[in-house]
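In: please work out how this folds:
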Amino acid sequence: MRTFARLLQAFVTGALVVTAGHVVAAAPAASIPHIQLPWPTPEPDGVQATGAVLAEGITGTALWSRRPDTPVPIASITKVMTALVVIDAGDLDRTITVPQEAIAYCNRNDGSTAGLVPGEVLTTRQILYALMLPSGCDAAYTLAEAYGPGQDGFIARMNETARGLGLAGTEFTDPSGLPIPTDHSNSSTPADLVALGLRAMRLPAFREIVSSPTYHVPAGPGNREHLWHTTNRLLRDYPGTIGIKTGWTDAAGTCLLFETVRAGIPLVGVVLNSSPSSDVVAKNDAERMLNWAYDPVLSLLRIG
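Out: The predicted structure follows:
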């Protein structure tokens, strides 16, 4: 909290500014006066999630947490790692043919889909939108098949990336977040997911995708028309939201990994198992956490 207070002092006094998404120094640190920040309560009220973290978005320092190091199922937040592995591999203009098995995979496991059609040809970038906005498990399968190559190879790359990032509480068994095998879902901790979110949001391509409410692919010679809408209610409803990913399964409940920037101040957070099935509850949990952090600052700046 002290780290965040110092950062807020810097933003309030103009010593730090955000330019083109990057935080830069505008004045020497010694010029920052002390400001008493008026937090009304020591923690946000009414958060239903069984696991949660809210952190400032520069260093990742936690402002508040609940069971931050407890591994639990994470459902489609998994797709953040899937996208990270693909974007790090590069060549987002590569064309990929959607395999028949991608649709069978969704049908067998009752997975959310982006409406991909077997045999249609799309670019990696387009399939990433299909992955992240409508949370297409068909898109996850397609990307894993192409970039693994193969499902097992891709899952190994996901776990290797997690180890490289120091995410000791994270394990992947599937590229989409479906409980495959059924007795061993992908799992992570709130603290690990915040670190993963920060890493992914440093990639311009990822930020562009997850900040988009919709994405349209016109019909072409090798593909049908697609119009994808984000599942992230926070992106639609909370000012300053810039991403990132929802999730839901029976085992995980409703989950949301998110980042916002208000008054030039970035915050990143996650809520896990907010409700058995309501994404509204997950969104409300995130809003309660964000308002707890932002409201005193916005009041101090007399904006809002």
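
In: C-alpha from now on. contacts and neighbour counts both.
Out: Fine.

In: and the nearest residue to residue 95 once chain neighbours are set aside, what does it touch?
Out: Nearest-residue entry for residue 95: residue 123, 4.3 Å, with adjacent residues in sequence omitted and distances by C-alpha to C-alpha, 6 or more residues apart in numbering. If you count contacts by C-alpha atoms under 8 Å, 6 or more residues apart in numbering, residue 123 has them with 92, 93, 94, 95, 96.

In: just residue 81 next, same as before
Out: Residues near residue 81 by C-alpha under 8 Å, 6+ apart: 158, 196, 200.

In: for it, what is the enclosing helix or strand?
Out: helix 78-89 (DSSP states H and E).

In: ok, and for that helix, which residues are buried?
Out: Under the neighbour-count criterion of 16 or more other C-alpha atoms under 10 Å, helix 78-89 has 78, 79, 80, 81, 82, 83, 84, 85, 86, 87 buried.

In: and the next helix or strand past that helix?
Out: Using DSSP H and E, the first helix or strand after helix 78-89 is strand 95-97.

In: so where is the stretch 101-250 of the chain shaky, pLDDT-wise?
Out: Filtered on pLDDT under 70, the stretch 101-250 of the chain yields the residue ranges 183.

In: which stretches in the stretch 151-300 of the chain count as strands?
Out: 187-188, 214-217, 226-229, 241-249, 253-262, 265-272 (DSSP state E, counting those that start in this stretch).

In: tell me which of those strands sits most buried.
Out: Neighbour counts (mean count of other C-alpha atoms under 10 Å) averaged over each of those peak at strand 265-272, with a mean of 28.

In: which residues touch that one?
Out: For strand 265-272, contacts defined as C-alpha under 8 Å, 6+ apart pick out 8, 11, 49-58, 60, 74, 190, 193-194, 197-198, 252-261, 282, 285-286, 290.

In: also stretch 41-56?
Out: 4, 61-68, 70, 189-191, 194, 265-275, 281-282, 284-286, 288-290, 292.
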